[in-house]
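J.: Make a model of this:
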Amino acid sequence: MIADSYDKAARTFFKATFSKPGYTDYDVFPIVFLCSHATELRLKGILIRCCELTSKSDGKNTKTLDKHNLFPIYESIKQVWPCPDKPIFSDEVIEALREWDNLDKLGMGFRYAFNQKGK
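T.: As a prediction, the model looks like this:
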């Protein structure tokens, strides 16, 4: 799975960056991006699979597939989750997704040094 490759790259970069002194705050951005992207890909995989299982793959349920922010993807998964009596994720994971959403509303904060307006 491609998400595993992003995880592996993040771990490799993390070890290389923090195994020696002299890193900067900005050295963390690519690592955070790789972790976030791996999570995004996994969430989208879950969403697609749930849509297949429940035959709910209309545009309304898959509208977050072209977005990068994590919490709305989770919200889309909730709409098509085939086991409503079983939780999708632990409370800790949901809280982490919510916190990440507060840090990076559009899922672009660690991808680019500027926004779409050039700022």
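
J.: and after the longest helix that the chain contains, which helix or strand comes next?
T.: The residue-count maximum for a helix in the chain (DSSP state H) belongs to helix 28-54. Going down the chain from helix 28-54, the next helix or strand is helix 70-80, by DSSP states H and E.

J.: Can you give me the distance of the residue sitting nearest the centre point of the chain to K86?
T.: Per C-alpha atoms, centre = their mean, the C-alpha nearest to the average position across the chain is that of E40, at 2.8 Å. Spatial separation of E40 from K86 under the definition C-beta to C-beta, to the nearest Å is 23 Å. No exception for glycine: its C-beta is placed from N, CA and C like everyone else's.

J.: Repeat that for F18.
T.: F18 is 38 Å from K86, by C-beta to C-beta.

J.: Next: V93.
T.: With C-beta to C-beta as the criterion, V93 and K86 are 14 Å apart.

J.: These two - which one has more neighbours?
T.: V93 (13 against 7; other C-beta atoms under 10 Å).

J.: name the helices or strands packed onto the helix or strand that contains the more buried one?
T.: In this structure, V93 sits in helix 91-103 according to DSSP H and E. Secondary-structure packing of helix 91-103 (3 or more C-beta pairs under 8 Å, 6 or more residues apart in numbering; DSSP states H and E): helix 70-80.
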